[in-house]
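Undergrad: coords below, sequence missing:
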Ligand SMILES: Cc1cc2nc3c(=O)[nH]c(=O)nc-3n(C[C@H](O)[C@H](O)[C@H](O)COP(=O)(O)OP(=O)(O)OC[C@H]3O[C@@H](n4cnc5c(N)ncnc54)[C@H](O)[C@@H]3O)c2cc1C
């Protein structure tokens, strides 16, 4: 079978944030439009992976590494384009604030990336933070880095929108069908699922927490963490936490330890600890939060946003899939570089980039030079990952 005879140009395994963005990007360009098959073991958007919980932070002053700033800028533009295509709101511009000691990793990193890429921002003392945002009570030695462009994405709507546009543009989507195995043969790939076998010229693997099963080369490199999220009814002054008045917040509450909040969109103030979760098998996750987990976040609110610390309204459990350096994997498969792209392990901070990552995937599939340097996302940076 020649490349042209393959029934699909591309199969995308996994249709969460990165997979739905990939099918969207692969089908949207008239000039590069592909025959795309997307497959997911569940029915996205769903609550069993890494992309649920109603809201995600998007920000530009990127403490994790300045190299993410140009990518998130592209993502911002693409989210807005998707909104226009769908005629709906996917991104709410609430502003954002990064808080912590001036020399802590959060504030230092956010300022460094903002300065390097001229991200408009201002730095406020603890007293100024409370003056401007009365719901936030930092400790005296903390400062806040404010960026007005930051905001909130609605992940379930984002995924639904990307899948809808992709389907409208001709992608075939198979839900509740798991990829069991794949192999490279001749000049294409064969993918076996719970329902059948499919052939394509190229394969994109975007399995989130299930990546170790789909790319066993990564099994010793990735760690899946169980991450609780919580919504609290404000105890008083609810207006201080409305999306119109309260930015998204990231707090370095102890050295190198972070919690974050998102404003009240009608279901309470969302709050969670970043990382710190237990390592789990994604197929056997306890979806109930424990009293200790609920209490840890309530206590952080009591200390830093006391008016928000009312009744716990809801908790959910989500999954982070982390690399050792907490940066992403966006790369060609080391053993099948000409036909398999691996995109995932977004280490708990990937959602905001999804549209831009989808575009990068489409470039890799088309063998076009991606517009960003992907060196820091290569699989080969990890010892033990076989590179051919
Ligand atoms: C609590 C929490 C808060 C977060 N907050 C933020 C934030 O504020 N901002 C931000 O930018 N990022 C945030 N993130 C990170 C971000 O949400 C993730 O990085 C991103 O959603 C990961 O997308 P993914 O496509 O890799 O995984 P997923 O969206 O989970 O998609 C993987 C998909 O693969 C499917 N799949 C797996 N195995 C198979 C198989 N064998 N066959 C077929 N399908 C398969 C799954 O069903 C799933 O749909 C947060 C994550 C969590 C958990």
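TA: Arrived safely. Owing to the predicted nature of the structure, the values given are computational and were not obtained by experimental measurement. Numbers count the residues shown, from 1 in each chain.

Undergrad: dump the residue contacts of residue 145.
TA: Going by CB atoms under 8 Å, 6 or more residues apart in numbering, residue 145 touches 61, 97-99, 107, 110-111, 114, 121-123. Glycine gets a C-beta too; all of them are placed from N, C-alpha and C.

Undergrad: Narrow the residues you listed to just the buried residues.
TA: Neighbour-count burial (16 or more other CB atoms under 10 Å) applied to those gives 61, 97-99, 107, 110-111, 114, 121, 123.

Undergrad: Tell me which entries of the residues you listed lie within strands.
TA: 97-99, 123 (DSSP state E).

Undergrad: Give me the buried positions along the lengthiest helix in the chain.
TA: Scanning the chain for the longest helix, with DSSP state H as the assignment, gives helix 68-86. Residues of helix 68-86 classed as buried: 68-69, 71-72, 74-76, 78-79, 82-83, 86 (neighbour count, 16+ other CB under 10 Å).

Undergrad: and it, what does it pack onto?
TA: Under the contact criterion of 3 or more CB pairs under 8 Å, 6 or more residues apart in numbering; DSSP states H and E, helix 68-86 touches strand 56-58, strand 91-92, helix 105-116, helix 155-168, helix 354-365.

Undergrad: which one of the ones you listed lies closest to residue 306?
TA: Nearest of those to residue 306, taken as CB to CB: helix 105-116 at 20.9 Å.

Undergrad: contacts for that closest one?
TA: 60-66, 68-69, 98-102, 119, 121, 123, 142-143, 145, 147, 250-252, 256, 258.

Undergrad: Swap in 10 Å and give it another go.
TA: The contact list for helix 105-116, computed with CB atoms under 10 Å, 6 or more residues apart in numbering, reads 59-69, 72, 96-102, 104, 119-123, 142-145, 147, 250-253, 255-258, 274.

Undergrad: and the angle for it with helix 68-86?
TA: If you take axes from the mean of the first three to the mean of the last three CA atoms, to 10 degrees, helix 105-116 sits at 80 degrees to helix 68-86.

Undergrad: Now helix 105-116: average pLDDT?
TA: Helix 105-116 shows a mean pLDDT of 98.

Undergrad: and what of stretch 34-46?
TA: Computed over stretch 34-46, the average pLDDT equals 96.

Undergrad: mind checking the end-to-end distance for it?
TA: 26 Å (CA to CA, to the nearest Å).

Undergrad: mind listing what's buried in it?
TA: In stretch 34-46, counting by 16+ other CB under 10 Å, buried: 34-42, 44-46.

Undergrad: and what of stretch 217-233?
TA: 217-218, 221-233.

Undergrad: Report the spatially nearest residue to residue 44, omitting neighbours in sequence.
TA: Of all residues not flanking residue 44 in the chain, residue 15 sits nearest, at 4.6 Å (CB to CB, 6 or more residues apart in numbering).

Undergrad: Please apply the same query to residue 242.
TA: In space, residue 242 is closest to residue 264, 5.8 Å off (CB to CB, 6+ apart).

Undergrad: How far away from the center of its chain is the helix or strand hosting residue 203?
TA: Using DSSP states H and E, residue 203 maps to strand 197-205. Remark: strand 197-205 is offset 24 Å from the chain centroid, using CA atoms, centre = their mean, to the nearest Å.

Undergrad: Identify each buried residue in it, please.
TA: 198-205.

Undergrad: Name every strand pairing with it and say which way it goes.
TA: strand 8-13 (parallel), strand 188-193 (antiparallel), strand 340-344 (parallel) (DSSP bridges).

Undergrad: I'd say the residue nearest to residue 44 and residue 175 touch.
TA: Yes: counting by CB atoms under 10 Å, residue 15 touches residue 175, with 7.8 Å between them.

Undergrad: For this structure, just list every one of the helices.
TA: 17-28, 68-86, 105-116, 126-132, 155-168, 211-214, 291-304, 354-365.

Undergrad: returning to what we had before: pick out whichever of residue 15 and residue 175 has more residues nearby.
TA: residue 15 (32 against 14; other CB atoms under 10 Å).

Undergrad: Tell me how far residue 353 lies from residue 79.
TA: 10 Å (CB to CB, to the nearest Å).

Undergrad: The one residue in the chain that gets nearest to the ligand: neighbouring residues, count only.
TA: Using CB to the nearest ligand atom, the closest approach of the chain to the ligand is made by residue 16 at 1.8 Å. Residue 16: 29 surrounding residues under other CB under 10 Å.

Undergrad: Now do the same for it: its pLDDT.
TA: Confidence score, pLDDT, at residue 16: 98.

Undergrad: From residue 368, how far off is it?
TA: For residue 16, the distance to residue 368 - CB to CB - is 24 Å.

Undergrad: hmm, back to that, show me the two of the buried residues of strand 197-205 that sit farthest apart.
TA: 199 and 205 (15.9 Å).

Undergrad: before we move on, back to that, narrow the contacts of helix 105-116 to just the buried residues.
TA: Among these, the ones that count as buried (16+ other CB under 10 Å) are 59-64, 66-69, 72, 96-101, 104, 119, 121, 123, 142-145, 147, 250-253, 257-258, 274.
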